[in-house]
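Student: my questions concern the predicted model and sequence given below.
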Amino acid sequence: MKSACILGFALVAGCTASANDVRPPSDQMFFPTGMAVAPDDSVLFVAQANSELRYDSGAVSVIDLGVVDSVVTAWLANQTIPANCTQDPDRTETLQCDEAQFMKPDAGVRIGNFATDVAVQDRGNGNLRLIVPTRGDPSVTWIDYDGSSLQCGSGEGFQLCDDAHRLTTVHDDPNVGTLPPEPFGAFADSAGEFGIVTHLTTGAITLIDSPKAGDAHIADVAINLFQPDPNTGIRGATGVAGRTPNALGDIVYLGSPAENRIQTITVGHPVNGAPPFILPGDFFFLDAVGLDAGQSSNTRALAFSSSGDRLYIVNRFPPTVQIYDTSAGPTGFPNNQLVGATDICRTASTLTVLPTSDGDRIYTTCFQDGQIYIVDPHGASSVSNIVTVGRGPYAVVSAPTRHKVFISDFLEDTIAVVDASDSSTRDRVVLRIGVPKPPGGS
């Protein structure tokens, strides 16, 4: 039942409902947004944005991908329909199931509202750290995972992350600086032990110092890395990706919705053990795709091939996936040369790279169309398939060893599971985690 407290922040403050009435469920999805897969493809982390403000907090949920595999394998082999599952009446190739059977209810945690992204840092020995921007605060939440459950405080069983795990000030001192508004994209570097968060409306980026054996803190903030949009005057930073996040000296690439340029940075580490800092590096313009030079703009997402030698960029003007050669040139620096581009939908927002036996495949979400575009980036590059996945596809991530791609359908509270194997069901939505809520419903 919908709480009377969902109308907005003002009404939430005056609500008299009990704590249990407004506490979010630990085994359901509510406006899923950012996602990330563990490095060993064992679990899927999903941010629940709570965008309707039905509950007192958002959440990060943990989905067991082993259970997902078991259900999908039985469905595809024998058309086995488990309890709490049905065959999709409109798409008979798809099984749809209540999400509770896939979630680890005591493994998730509660966070702030309007989470946008999830980045994973590998701390070794099965231990992970999540970096999660939340726009409602604004803040950046860091959460540790021990292989069985998420931890961000002293509580147990779907705990609310404490203030120590909610980063809002530089060096934990408001006199030094505060986190800029609208934290948006996130990237975590395992070897360098840091995270980067972009800010949607200011063009700022935030450096999170995240030592594997210690707590995370905001170490530095860089402002005005991008020029403002000439029509609106607004700066912005969106996509962020590291070229070699499993090797020291990673170069991080950043895109903007306001300027037709990709900026690079590295992270400096003082010899005296002082906090790390942002070092702006080279940049290149996206001026080779479009009607006229300089017209390629509104970058939304970035991703690298596993080798770091190819950069894939989702742009909205013109709507393209652009492919850049980022292999090392004669001087040792990346070439950053355009090698291809493919037309895609107009409102693409995120992408993932799936390495296959035939090379990389690119999956990008189209929020307005309810689809994903699948791009073959080789040779002339082309769209190899367009798949309808659900209402409001937001994020897309892949689990290469499980041959699956996952899409968070923001407007219907589900996750679409696409078969990425070489079988006859390739590029089909074979499972929907969660039963779609009706348009405008709950």
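Tutor: Thanks, I have the structure now.
Student: quick one: stretch 148-158 to chain centroid distance?
Tutor: Stretch 148-158 has its C-alpha centroid displaced from the chain centroid by 22 Å (C-alpha atoms, centre = their mean, to the nearest Å).
Student: ignore what I typed, I meant stretch 141-159.
Tutor: 19 Å.
Student: between the two ends of that stretch, how far is it?
Tutor: End-to-end span of stretch 141-159 (C-alpha to C-alpha, to the nearest Å): 13 Å.
Student: can you mark which positions in that stretch are buried?
Tutor: Residues T141, W142, I143, D144, Y145, S149, L150, Q151, C152, G153, F158, Q159 are the ones in stretch 141-159 that count as buried (16 or more other C-beta atoms under 10 Å). Yep, even glycine has a C-beta here, placed from its N, CA and C like the rest.
Student: could I get the pLDDT score of the first one?
Tutor: By that I understand T141. With respect to pLDDT, T141 scores 98.
Student: let's have the buried residues of stretch 141-159 in TSV, adding distance to R426 and secondary structure.
Tutor: Converted to TSV, the buried residues of stretch 141-159 look like this (distance: C-beta to C-beta, whole Å; DSSP: H, G, I helix; E, B strand; the rest coil):
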residue	distance to R426	secondary structure
T141	36	strand
W142	37	strand
I143	34	strand
D144	36	strand
Y145	31	strand
S149	34	coil
L150	33	strand
Q151	38	strand
C152	38	coil
G153	42	coil
F158	36	coil
Q159	40	coil
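Student: farthest pair in these?
Tutor: The span of the buried residues of stretch 141-159, defined through C-beta to C-beta, is set by W142 and F158 at 17.6 Å.
Student: average pLDDT across the longest helix along the chain?
Tutor: When the chain is parsed with DSSP state H, its longest helix is helix 65-78. Confidence for helix 65-78, expressed as mean pLDDT, is 97.
Student: first to last residue in stretch 132-148, what's the distance?
Tutor: Terminal residues of stretch 132-148 lie 19 Å apart, using C-alpha to C-alpha.
Student: quick check: phi and psi at the nearest residue to P257 once chain neighbours are set aside.
Tutor: Excluding the flanking residues, the one nearest P257 by C-beta to C-beta, 6 or more residues apart in numbering is G236, at 4.4 Å. G236 adopts backbone torsions of phi -170, psi 150, taken as degrees, to the nearest 10.
Student: mind listing what G236 touches?
Tutor: Applying C-beta atoms under 8 Å, 6 or more residues apart in numbering to G236 gives the contacts H199, L200, T201, T202, G203, F226, D229, S256, P257, A258.
Student: what's the most distant pair in those residues?
Tutor: Most distant of the contacts of G236, by C-beta to C-beta, are H199 and D229, 14.6 Å apart.
Student: between those two, which one's more packed in?
Tutor: H199 (25 against 17; other C-beta atoms under 10 Å).
Student: correct me, but the more buried one touches T178?
Tutor: No - between H199 and T178 there is no contact under C-beta atoms under 8 Å: 11.8 Å.
Student: stretch 46-60: how far from the chain's middle?
Tutor: The answer for stretch 46-60 is 16 Å, by C-alpha atoms, centre = their mean.
Student: ends of it, what's the gap?
Tutor: Across stretch 46-60, first to last residue, C-alpha to C-alpha, it's 5 Å.
Student: list the buried residues of that stretch.
Tutor: Buried, per 16+ other C-beta under 10 Å, within stretch 46-60: 46-51, 53-60.
Student: now those in CSV, with secondary structure and distance to W75?
Tutor: As requested, the buried residues of stretch 46-60 are exported to CSV (DSSP: H, G, I helix; E, B strand; the rest coil; distance: C-beta to C-beta, whole Å):
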residue, secondary structure, distance to W75
V46, strand, 21
A47, strand, 27
Q48, strand, 25
A49, coil, 29
N50, coil, 31
S51, coil, 31
L53, coil, 35
R54, coil, 31
Y55, coil, 31
D56, coil, 36
S57, coil, 34
G58, strand, 31
A59, strand, 27
V60, strand, 27
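Student: return the closest of those with respect to T401.
Tutor: Using C-beta to C-beta, the buried residues of stretch 46-60 come closest to T401 at V46, 19.1 Å.
Student: in the sheet, who's paired with that closest one?
Tutor: M35, S61 (DSSP bridges).
Student: for R261, same thing?
Tutor: With DSSP bridges as the rule, R261 is bridged to F285.
Student: that one against D282, yeah?
Tutor: No - distance between R261 and D282: 10.7 Å, which falls outside the contact criterion (C-beta under 8 Å).
Student: pick out whichever of the two has more residues nearby.
Tutor: R261 (20 against 12).
Student: please tell me how far that one sits from S424.
Tutor: 44 Å (C-beta to C-beta, to the nearest Å).
Student: again with A83
Tutor: Counting by C-beta to C-beta - A83 and S424 are separated by 27 Å.
Student: can you give me the neighbour number for G273?
Tutor: 6.
Student: ah, wrong one, I meant Q87
Tutor: 14.
Student: again, but for D41
Tutor: For D41, using other C-beta under 10 Å, the count is 17.
Student: start at 781, not 1
Tutor: Understood, numbering begins at 781; the last thing we discussed is D821.
Student: ok, now which ones touch it?
Tutor: L845, A1179, P1180, T1181, R1182.
Student: just the pLDDT for the nearest residue to A816 once chain neighbours are set aside.
Tutor: Computed as C-beta to C-beta, 6+ apart, the closest residue to A816 that is not its neighbour in sequence is V898, at 4.1 Å. As predicted, V898 sits at a pLDDT of 98.
Student: ok, D995 - contacts?
Tutor: By C-beta under 8 Å, 6+ apart, the neighbours of D995 are W922, A944.
Student: V826 is in contact with D897, correct?
Tutor: No - with contact defined as C-beta under 8 Å, D897 and V826 do not form a contacting pair (11.4 Å).
Student: mutual contacts of the two, please.
Tutor: Joint contacts of D897 and V826 (C-beta under 8 Å, 6+ apart) are G814.
Student: mean confidence score for stretch 1171-1188?
Tutor: So the average pLDDT for stretch 1171-1188 ends up being 98.
Student: should've said stretch 981-993
Tutor: 96.
Student: also stretch 952-962?
Tutor: In the prediction, stretch 952-962 has an average pLDDT of 95.
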